[in-house]
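# Everything below, folded, please.
(one chain, ligands or ions: 1)
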Amino acid sequence: MPEGTTILNAARQIGGDIVPPAMCYYSTLKGSGGKCRTCLVKVVKGSEKDPRPMPKLVASCQQTVMDGMEVANISSDEVLNARRYRCVHVANQR
Ligand code: FES
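Down below sits the predicted model:
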């Protein structure tokens, strides 16, 4: 992946059911994303250089990929529960 590619855009290039949902990020609109938190993922391995997991869930539309990074997306109950909560919260906003 080219440097600066976000986890969300990397997943979109791969395709399929691993693509996180996104409600506030539009690839053609500069500065979008980072607000709704529906695209949260868990980084279980930061990179080859620094394999420590990231301590909190991250917005995949903001976090860039690194060599050796491992991301739990559809396989993490923590991620799925956080997304569910965020989607309900966003839907209840007026
Ligand atoms: S799509 Fe809204 S925070 Fe990432």
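# going forward, measure contacts and count neighbours with C-alpha atoms only.
OK.
# for stretch 60-77, what is the average pLDDT?
Confidence for stretch 60-77, expressed as mean pLDDT, is 91.
# I meant stretch 18-25, not that one.
Stretch 18-25 comes out with an average pLDDT of 91.
# Output that stretch as CSV, nothing but the C-alphas.
As requested, the backbone C-alpha atoms of stretch 18-25 are provided in CSV (Å, rounded to 0.1, in the frame of the first residue of the first chain):
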residue,chain,number,x,y,z
ILE,A,18,-13.7,-6.7,5.9
VAL,A,19,-14.5,-3.2,4.8
PRO,A,20,-15.5,-1.2,7.9
PRO,A,21,-18.7,0.8,7.8
ALA,A,22,-18.1,4.6,7.4
MET,A,23,-20.7,7.3,7.9
CYS,A,24,-18.6,10.5,7.8
TYR,A,25,-15.7,9.8,5.5
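# Just the helices from this protein, written as ranges.
For the chain, applying DSSP state H gives helices covering 7-14, 77-91.
# For A59, which non-adjacent residue is closest in space?
Once its chain neighbours are removed from consideration, A59 has its nearest residue in L40; the separation is 4.5 Å (CA to CA, 6 or more residues apart in numbering).
# How about K35: what's its closest non-neighbour residue?
That would be C24: by CA to CA, 6+ apart, it lies 6.5 Å from K35.
# Correct me if wrong: that neighbour contacts C39.
No. C24 lies out of contact with C39 (CA atoms under 8 Å); the separation is 9.1 Å.
# quick one, which of these two is more surrounded?
C39 (30 against 15; other CA atoms under 10 Å).
# Neighbours of G46, how many?
A count of neighbours around G46, defined by other CA under 10 Å, yields 19.
# can you offset everything so residue one is 50?
With the count now opening at 50, the last piece we talked about shows up as G95.
# which residues does it contact?
When contacts are counted by CA atoms under 8 Å, 6 or more residues apart in numbering, G95 touches 101-103, 115, 117-119.
# which of these lies closest to G65?
Of all the contacts of G95, the one sitting nearest G65 is E119; the distance, using CA to CA, is 17.1 Å.
# correct me, but A108 touches R86?
Yes. Counting by CA under 8 Å, A108 does reach R86; the two are 6.0 Å apart.
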